[in-house]
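Participant: the sequence isn't on hand, but the structure is:
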Ligand SMILES: O=C(O)C1=C[C@@H](OP(=O)(O)O)[C@@H](O)[C@H](O)C1
Ligand SMILES: C=C(OP(=O)(O)O)C(=O)O
């Protein structure tokens, strides 16, 4: 699907969608619990992958209006009766690889071309050291994965530089084992806030994990999750496109982005980053409203070690900021749906921006965005960030736009409701 974008001037108010990361965790932990209700889950292609996988492991999941009613497996997932296709969701793949190790049979996990190129080696090695037998069918650490169950609580070590999802997957799974586990993190843990979200949901479900400054986690055995009733908060990663659009393409009347409350989400930092860039933004933590007015921005240097998903948004902001924007500590951003450092560099160059990539950072010299036909790389975050750029530049098309369904299915409807001039060209 391709979208055609004209110069746009936005105004009004919009609700940020529910958090994808919180929704994945709520569904997964509810599936390991007994009876749970999840209010306002994000229903998107990625979270549907988690729903599908949890049903294959024996959970009963029904949607009633904006709630999910989940009857879980009480810590004992069944052997799936077929291969599980988790499509494009890295979070689902990592979480379900660990859940599969709890069964007493064999699970096969696969996904789309993107997911079958993303690394899982550290998680595979740890699960094998715990008594499971996990194989990457092509011996490259990527899906398809074949997982024989049989893990036991153990003392394990794992590197934190590739993905925090490996650690989150182990933190969710180890408490239900009958032996104590200790997880030691080797090196720097990237995307730390996502581990905070995991620990928050585990605590909500009555689980108990001792976190020794993200260097060691001690997990007592035989725990039983009981998530009961959980309401999913708004998503700061998705809100970042709305906030950036307000700054770059907003009318003087401004835009109010609603449903963004204080949270353990690392991407809440988008507010601080916009403030550092001297954007006109006022965030009311009590009401969850961020009021944003358009204005000129100043370039900044941002460490994205904990906020990898903000990179496309920050790159577009830097593209029009005065001076230079440096996005650093970003190597792990290369292991997402696409190599996002490379993808956003290629596409913003097509729009006339002086942007360079190095192994773990981007250097962007602010300039003037020019309309162009750009490629979305089948990556929802690349598509949404380039759509914001297109509203500034005008006369822009973005292809593979259907990928917004991964995390923000109503993205185009929402920004059109604010006045964005976007035509959807069905391909
Ligand atoms: O745990 C999660 O919900 C996520 C963790 C992050 O991945 P990494 O931990 O691999 O950086 C992030 O990029 C992804 O969108 C969601
Ligand atoms: C990388 C992302 O998610 P996942 O790792 O779950 O595919 C994302 O949402 O940007």
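Facilitator: Cool, got the structure. Because the structure is a prediction, the values reported are computed rather than measured. Residues are numbered from 1 along each chain as shown. Ligands and ions are numbered 1, 2, ... in the order given.

Participant: would you mind listing where the stretch 301-427 of the chain has pLDDT under the threshold?
Facilitator: Screening the stretch 301-427 of the chain residue by residue with the criterion pLDDT under 70, one finds the ranges 427.

Participant: so which bits of it are right by ligand 1?
Facilitator: If contact is defined as Cβ under 6 Å from any ligand atom, the residues of the stretch 301-427 of the chain in contact with ligand 1 are 308-309, 332, 336. C-betas here are computed from N, CA, C, even on glycine.

Participant: which stretches of the protein form helices?
Facilitator: Under the criterion DSSP state H, the chain contains helices at 20-32, 45-56, 90-100, 121-129, 164-173, 192-204, 236-249, 269-276, 311-320, 340-350, 380-393, 411-417.

Participant: in the last one, what counts as buried?
Facilitator: It stands for helix 411-417. For helix 411-417, burial by neighbour count (16 or more other Cβ atoms under 10 Å) applies to 411-412, 414-416.

Participant: that older thread, can you put the residues of the stretch 301-427 of the chain next to ligand 1 in a markdown table and add distance to residue 237 and neighbour count?
Facilitator: Supplementary listing: these in a markdown table, determined by distance: Cβ to Cβ, whole Å; neighbours: other Cβ atoms under 10 Å:
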| residue | distance to residue 237 | neighbour count |
| --- | --- | --- |
| 308 | 10 | 25 |
| 309 | 5 | 26 |
| 332 | 15 | 21 |
| 336 | 12 | 21 |
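
Participant: next, give me the two most distant ones among the residues you listed.
Facilitator: By the measure Cβ to Cβ, 309 and 332 form the most distant pair in these, at 10.8 Å.

Participant: beta partners for the closest residue to residue 125 other than its chain neighbours?
Facilitator: Excluding its sequence neighbours, the residue lying closest to residue 125 (Cβ to Cβ, 6 or more residues apart in numbering) is residue 158, at 7.9 Å. Taking DSSP bridges, one obtains residue 185 as the residues bridged to residue 158.

Participant: could you check how far the nearest residue to residue 216 once chain neighbours are set aside is from residue 155?
Facilitator: Sequence neighbours aside, residue 184 is the residue nearest to residue 216 in space, at 5.2 Å (criterion: Cβ to Cβ, 6+ apart). Going from residue 184 to residue 155 by Cβ to Cβ, to the nearest Å gives 8 Å.

Participant: same thing with residue 405?
Facilitator: Counting by Cβ to Cβ, the gap from residue 405 to residue 155 is 41 Å.

Participant: compare those two (neighbour count), which wins?
Facilitator: Neighbour comparison, residue 405 and residue 155: the larger count goes to residue 405, with 17 against 14 (by other Cβ atoms under 10 Å).

Participant: could you pull up the residues touching whatever residue of the chain ends up closest to ligand 2?
Facilitator: Minimum separation of the chain from ligand 2 (Cβ to the nearest ligand atom) falls at residue 90, amounting to 2.8 Å. By Cβ atoms under 8 Å, 6 or more residues apart in numbering, residue 90 lies in contact with 115, 118, 163, 165, 336-337.

Participant: of these, just the buried ones, PyMOL syntax please.
Facilitator: Applying 16+ other Cβ under 10 Å to the contacts of residue 90 leaves a buried subset, and the PyMOL line that selects it is:
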select buried, resi 115+118+163+165+336+337
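
Participant: tell me the one of the contacts of residue 90 nearest ligand 1?
Facilitator: Within those, distances to ligand 1 taken as Cβ to the nearest ligand atom reach their minimum at residue 163, with 3.2 Å.

Participant: so what does the closest one have for phi and psi?
Facilitator: phi -160, psi 130 (degrees, to the nearest 10).

Participant: which residues touch it?
Facilitator: Residues counted as contacts of residue 163 (Cβ under 8 Å, 6+ apart) are 90, 94, 119, 122, 190-191, 332, 335.

Participant: now do 10 Å
Facilitator: Going by Cβ atoms under 10 Å, 6 or more residues apart in numbering, residue 163 touches 90-91, 94, 118-120, 122-123, 169, 190-191, 194, 308, 332, 335-336.

Participant: check residue 81 too.
Facilitator: Going by Cβ under 10 Å, 6+ apart, the list of residues near residue 81 reads 56, 58.

Participant: if we use 6 Å, what do you get?
Facilitator: If you count contacts by Cβ atoms under 6 Å, 6 or more residues apart in numbering, residue 81 has none.

Participant: per-residue pLDDT, it?
Facilitator: We note a pLDDT of 98 for residue 81 in this prediction.

Participant: quick check: the gap between residue 49 and residue 170.
Facilitator: The spacing between residue 49 and residue 170, counted by Cβ to Cβ, is 20 Å.

Participant: interface residues of the chain facing ligand 2?
Facilitator: Within the chain, the residues that sit near ligand 2 (Cβ under 6 Å from any ligand atom) are 46, 89-91, 309, 336-337, 381, 407.

Participant: distance to residue 228 added to these, as a markdown table?
Facilitator: What follows is the residues of the chain next to ligand 2, written out as a markdown table (distance: Cβ to Cβ, whole Å):
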| residue | distance to residue 228 |
| --- | --- |
| 46 | 24 |
| 89 | 25 |
| 90 | 28 |
| 91 | 23 |
| 309 | 29 |
| 336 | 33 |
| 337 | 33 |
| 381 | 33 |
| 407 | 26 |
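
Participant: residue 181 touches residue 173, doesn't it?
Facilitator: No - the pair residue 181 and residue 173 fails to qualify as a contact (Cβ atoms under 6 Å) at a distance of 9.0 Å.

Participant: shared neighbours of those two, which are they?
Facilitator: With contacts defined as Cβ under 6 Å, 6+ apart, no residue is adjacent to both residue 181 and residue 173.
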